[in-house]
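In: Could you work out the structure for the sequence below:
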Amino acid sequence: MLLAEMDTAGVSRVAIEPPSWEGDRNDLALQAARLHPKRFAVMGRLAIERPESRARVAHWKEQPGMLGMRFTFHTDQQRPWLTDGTADWLWPAAERAGIPLMVLVPGLLDALRGIAERHPGLKLTIDHVGLNRAAKDRNPFSARSGARISRGCRARIVSASTCSPKSCPGSRAPTSSG
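Out: Model (predicted):
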């Protein structure tokens with residue numbers, strides 16, 4: 001059904017982000033990418049709070065169809081992970097491995113800015129940012145795609161709730177090169 005909807009909308013490729021409510025499972029998204037590799041790719045989930053996850057980062061993109069990682073820091077359980085040290089190992093590991101990260105960090109943009117400044121090679125997509133004028137005024141990142149946030153550091157900011165194929169600069173087909 002999704003392929004038909006994509007064709008109707010003129011969308012050639014989609015990056016699938018497995019939903020957070022199912023936990024850190026990527027199997028269904030990776031199955032879609034295996035069945036239709038020219039149409040689907042995956043921004044997968046990884047349990048950053050589990051020590052065994054650290055060993056998976058170096059080989060993450062070897063999974064057929066896997067483009068990068070998706071993290072949400074929006075629940076009472078996950079929000080502290082961005083600042084309490086739980087996720088500290090992830091940023092340098094993803095930077096070294098060249099793994100793009102897609103993050104949801106409501107109310108934590110200042111913390112993410114510090115991470116981005118300490119890891120200038122980290123590839124970040126920050127979604128659901130700048131949903132209203134007041135939020136844009138407080139945004140430590142610029143609301144422009146590819147906004148410069150510090151010397152030698154770039155963040156790509158998109159909002160899944162406001163992008164359309166015509167207005168979203170990242171709406172073209174994803175590539176494995178990030």
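In: In the protein, spot the strand with the most residues.
Out: If each strand of the chain is counted by residues according to DSSP state E, the longest one is strand 66-72.
In: what packs against it?
Out: Using 3 or more CB pairs under 8 Å, 6 or more residues apart in numbering; DSSP states H and E as the contact criterion, the neighbours of strand 66-72 among helices and strands are strand 40-44, strand 101-104. (Each C-beta comes from the backbone N, C-alpha and C, glycine too.)
In: try 10 Å
Out: Judged by 3 or more CB pairs under 10 Å, 6 or more residues apart in numbering; DSSP states H and E, the packing partners of strand 66-72 are strand 14-16, helix 27-35, strand 40-44, helix 90-97, strand 101-104, strand 124-126.
In: Report the mean confidence score over the fifth one.
Out: To tie it back to what came earlier, the one meant is strand 101-104. What strand 101-104 shows for mean pLDDT is 94.
In: What of stretch 113-120?
Out: The average pLDDT for stretch 113-120 rounds to 94.
In: relative to helix 90-97, how tilted is the longest strand of the chain?
Out: Per axes from the mean of the first three to the mean of the last three CA atoms, to 10 degrees, the angle that strand 66-72 makes with helix 90-97 is 170 degrees.
In: about what we covered before: now tabulate the helices and strands packed on strand 66-72 in a markdown table and tack on distance to Leu67 and mean neighbour count.
Out: Formatted as a markdown table, these follow (distance: least, CB to CB, whole Å; neighbours: other CB atoms under 10 Å):
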| stretch | distance to Leu67 | mean neighbour count |
| --- | --- | --- |
| strand 14-16 | 6 | 20 |
| helix 27-35 | 9 | 16 |
| strand 40-44 | 5 | 25 |
| helix 90-97 | 12 | 17 |
| strand 101-104 | 9 | 20 |
| strand 124-126 | 11 | 22 |
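In: So which of these is nearest Thr75?
Out: Shortest distance between Thr75 and the helices and strands packed on strand 66-72, using CB to CB, is found for strand 101-104: 10.3 Å.
In: how many degrees apart are whichever helix or strand comes after the closest one and helix 90-97 in direction?
Out: Past strand 101-104, further along toward the C-terminus, the next helix or strand under DSSP states H and E is helix 109-118. Helix 109-118 and helix 90-97 are oriented at 40 degrees to each other (the same axes, to 10 degrees).
In: most centrally placed residue in this structure?
Out: Compute the mean C-alpha point of the chain, and by CA atoms, centre = their mean the closest residue is Met102, 1.0 Å away.
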